[in-house]
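Need a 3D model of the following:
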Amino acid sequence: MDSAPKTYLRSSLIGAIFFFLPLGVVAVSFAFSARNRLENGDEIGAVKAALWARRFMVMTFVFGGAIYIVLVMAFLALGAFSS
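Presented below is the predicted three-dimensional model:
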């Protein structure tokens, strides 16, 4: 391979902390696995683990964003932001 695959560790951590923890933890786990495999010279395994980390990271942001939108809509419907 020409360059090292991206492990998505930073974005997985951000997703786990700020969006949806259960899926974020899985994404972080795959990202760490990709990084460890890359350090051990297993480039094919690192690419596969990075792909799974990316999938779970995207799901973390989508589900977390959807939950935030539903919560804001519920608060608006209940009049929480009105004065």
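
nearest spatial neighbour of the residue nearest in space to the middle of the chain, skipping sequence neighbours?
Nearest to the geometric centre of the chain sits residue 57, at 2.3 Å (CA atoms, centre = their mean). Nearest-residue entry for residue 57: residue 27, 4.3 Å, with adjacent residues in sequence omitted and distances by CB to CB, 6 or more residues apart in numbering. Where you see a C-beta, it was placed from the backbone N, CA and C, and this is true even at glycine.

separation between that neighbour and residue 56?
4 Å (CB to CB, to the nearest Å).

between these two, what contacts are shared?
Residues touching both residue 27 and residue 56 (CB atoms under 8 Å, 6 or more residues apart in numbering) are residue 12.

SS state for the residue nearest to residue 57?
helix (DSSP: H, G, I helix; E, B strand; the rest coil).

The nearest residue to residue 26 once chain neighbours are set aside is in what secondary structure piece?
For residue 26, ignoring the flanking residues on the chain, the nearest one in space by CB to CB, 6+ apart is residue 56 at 4.8 Å. Using DSSP states H and E, residue 56 falls within helix 43-78.

average pLDDT across that helix?
Computed over helix 43-78, the mean pLDDT rounds to 94.

that older thread, could you list every residue that touches the residue nearest to residue 26?
So residue 56 contacts 12, 23-24, 26-27, 30 (CB under 8 Å, 6+ apart).

Adding distance to residue 62, pLDDT and neighbour count, write those residues out as JSON lines.
What follows is the contacts of residue 56, written out as JSON lines (distance: CB to CB, whole Å; pLDDT from 0 to 100; neighbours: other CB atoms under 10 Å):
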{"residue": "12", "distance to residue 62": "14", "pLDDT": "94", "neighbour count": "27"}
{"residue": "23", "distance to residue 62": "9", "pLDDT": "94", "neighbour count": "22"}
{"residue": "24", "distance to residue 62": "12", "pLDDT": "94", "neighbour count": "25"}
{"residue": "26", "distance to residue 62": "14", "pLDDT": "96", "neighbour count": "19"}
{"residue": "27", "distance to residue 62": "12", "pLDDT": "96", "neighbour count": "27"}
{"residue": "30", "distance to residue 62": "17", "pLDDT": "96", "neighbour count": "24"}
